[in-house]
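K.L.:
what follows is a predicted structure for the sequence shown.
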Amino acid sequence: MTSKSRFVLAILVGAAVGGAAIHGLHAQTKPKAYTVTELETLDTKTAADVANRITKMQEGAGGRNFRTGGGKVTGMEGSPPPQRVAITEWDNVDKAQAFFKSKEWADLGPERDKALKTIRRYAVEVRD
């Protein structure tokens, strides 16, 4: 085998190994997730302030709030829609769960519970 052949073979093997490594890294990447929180306003005086604080906390934790919490909710099919819906994008479901289990979230609980009632909250992962 000539040195030129060895060089070409080394490049091909390197490309194959690199491609396999990249594929493995992509397989380890977790899909994005969205949390959907259905809410009811209990105290209109403090709800906006609490919602703004939640948005800032989520952004600090890596969430991207879509600012739907005060938007009009229109029912299209099924049971009546909730009064408010908050949607936040996360890098993955683990980050969303970590936020909602955080001390910062728990500390806001008493104020949050006076201003807003959570009907339900769930996370949805993006399919590839």
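P.N.:
Cool, the structure landed.
K.L.:
OK, contacts around the residue nearest the centre of the chain?
P.N.:
Note on the chain: the residue nearest the mean C-alpha position is residue 90, at 2.0 Å, using CA atoms, centre = their mean. Taking CB atoms under 8 Å, 6 or more residues apart in numbering, we find residue 90 in contact with 32-35, 62-64, 96, 99, 123. Every C-beta, even on glycine, is put in place using the N, C-alpha and C of the backbone.
K.L.:
which pLDDT value belongs to it?
P.N.:
Residue 90 carries a pLDDT value of 98.
K.L.:
may I see the PyMOL selection of the buried members of the contacts of residue 90?
P.N.:
In PyMOL, a selection of the buried entries from those looks like this (16 or more other CB atoms under 10 Å):
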select buried, resi 32+33+34+35+63+96+99+123
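K.L.:
distance of the residue nearest to the centre of the chain relative to residue 81?
P.N.:
Distance of residue 90 to residue 81, given as CB to CB, to the nearest Å: 23 Å.
K.L.:
just residue 32 next, same as before
P.N.:
On the measure of CB to CB, residue 32 and residue 81 end up 24 Å apart.
K.L.:
same check on residue 66?
P.N.:
16 Å.
K.L.:
just to check, residue 57 is in contact with residue 104?
P.N.:
Yes: Residue 57 is within contact range of residue 104, at 5.7 Å (criterion: CB atoms under 8 Å).
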